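Trainee: Predicted coordinates and the sequence they were generated for:
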Amino acid sequence: MKYYNANMILPDALVKELQTYVQGGYIYVPIEPKRQRRWGEVSGYRQELKERNRQIREAYRKGIPMERLSETYSLSLSAVRKIIYQK
């Protein structure tokens, strides 16, 4: 999250109005719902995890034991189980 000085980006009248509510503090301005992205969509990490999980399920179907997958992907055995059995 990036912080901006209100005096640098907002009109004076709006800064004065905001000062009636908050002075010297931080205000979080949320993203409009239509512009929101799900976690990992902007960075592409969501897609990377999806591909990694597909590879894990495929390897398991080919007979690679969960313990080995856990070591290969540096995941706990519990995490590997969740990936394999998720619907």
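Mentor: Structure received.
Trainee: Skipping adjacent residues, who's closest to the most centrally placed residue in the chain in space?
Mentor: A centroid search over the chain (CA atoms, centre = their mean) returns residue 39, at 3.2 Å, as the residue closest to the centre. With sequence-adjacent residues excluded and distances taken as CB to CB, 6 or more residues apart in numbering, residue 39 is closest to residue 46, at 6.6 Å. In short, each C-beta sits where N, CA and C put it, glycine included.
Trainee: Low-confidence stretches in this protein?
Mentor: Along the chain, segments meeting pLDDT under 70 span 87.
Trainee: in this structure, which helix has the most residues?
Mentor: Ranked by residue count and defined by DSSP state H, the top helix of the chain is helix 45-61.
Trainee: helices or strands up against that helix?
Mentor: In terms of contact count using 3 or more CB pairs under 8 Å, 6 or more residues apart in numbering; DSSP states H and E, helix 45-61 is assigned the packing partners helix 66-72, helix 77-85.
Trainee: Run through who's touching the shortest one.
Mentor: It refers to helix 66-72. By CB atoms under 8 Å, 6 or more residues apart in numbering, the surrounding residues in contact with helix 66-72 are 56, 59-60, 75-77, 79-81, 84.
Trainee: quick one: which two of the residues you listed are the most distant?
Mentor: 59 and 76 (16.5 Å; CB to CB).
Trainee: picking up where we left off before, so who does the residue nearest to residue 39 touch?
Mentor: 38-40.
Trainee: got JSON lines for the residues you listed, with secondary structure and distance to residue 21 too?
Mentor: Converted to JSON lines, the contacts of residue 46 look like this (DSSP: H, G, I helix; E, B strand; the rest coil; distance: CB to CB, whole Å):
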{"residue": "38", "secondary structure": "coil", "distance to residue 21": "31"}
{"residue": "39", "secondary structure": "coil", "distance to residue 21": "30"}
{"residue": "40", "secondary structure": "coil", "distance to residue 21": "34"}
